[in-house]
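Colleague: have a look at this prediction, sequence included:
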Amino acid sequence: MEKSLTLKQVATILGVEPSTVRFWEKEFAEFVKVKSNKGQHKRFTPANVEMLTKIRDLLQVEQYTIKGAKRRLEMDMALDSAMGIDGNFKTTVFFMLSAIMQELQTYRETSQKLSQQLELLQLEKSEIEEKLQEEQRKGILDFIRDKIAMKKMQEKEA
């Protein structure tokens with residue numbers, strides 16, 4: 001027969017108050033199925049404790065809302081049944097995907113910064129080209145003035 005634990009024992013294992021365990025048991029009833037015989041205290045199985053541990057981690061460590069934790073557990077159960085994957089492999093895949101998503105976010109941010117820098121460089125290039133054209137126009141005007149002045153001097157000499 002499977003060893004079962006009392007509410008107080010489960011609360012001690014999870015490091016929470018018994019009232020918290022009762023709340024989670026009610027909120028997550030479709031995931032935590034605690035059996036109790038009429039007139040007896042509820043007894044928690046190792047599977048119940050494992051599920052309550054997942055719930056605690058989702059709520060307290062990963063900071064999920066109740067609704068978000070339920071969705072996550074539903075998704076996990078769907079994945080488990082659809083793929084027949086054991087929990088450790090699934091967790092590994094989940095963390096790998098999380099790491100990939102973080103890396104993609106970092107690349108996206110870097111890409112945005114590079115794009116902004118490129119825009120600034122293009123603006124700076126345009127400003128420099130305008131100044132260069134202005135200098136070239138000034139150079140042409142000075143060249144024409146010099147030619148006109150030389151022509152006037154030649155006419156005066158002639």
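Modeller: Yep, it's here.
Colleague: any buried residues in whatever helix or strand residue 79 lives in, and which?
Modeller: Using DSSP states H and E, residue 79 sits within helix 66-83. Neighbour-count burial for helix 66-83 flags 69-70, 72-73, 76 (criterion: 16 or more other C-beta atoms under 10 Å). In short, each C-beta sits where N, CA and C put it, glycine included.
Colleague: after it comes which helix or strand?
Modeller: helix 87-157.
Colleague: per-residue pLDDT, the spatially most central residue of the chain?
Modeller: For the chain, the residue nearest the mean C-alpha position is residue 102 (5.5 Å; C-alpha atoms, centre = their mean). Note on residue 102: pLDDT of 82.
Colleague: how about residue 126?
Modeller: 94.
Colleague: what's the neighbour count on it?
Modeller: For residue 126, the count of nearby residues is 10 (other C-beta atoms under 10 Å).
Colleague: contacting residues around it?
Modeller: Residues near residue 126 by C-beta atoms under 8 Å, 6 or more residues apart in numbering: none.
Colleague: do you know how far it is from residue 113?
Modeller: Distance of residue 126 to residue 113, computed by C-beta to C-beta, to the nearest Å: 21 Å.
Colleague: next one: residue 138
Modeller: 38 Å.
Colleague: ditto for residue 156
Modeller: Distance from residue 156 to residue 113, by C-beta to C-beta: 64 Å.
Colleague: the two: which is more packed in?
Modeller: residue 113 (10 against 7).
Colleague: can you pull the pLDDT of that one?
Modeller: 94.
Colleague: got it, and residue 81?
Modeller: For residue 81, the predicted pLDDT is 68.
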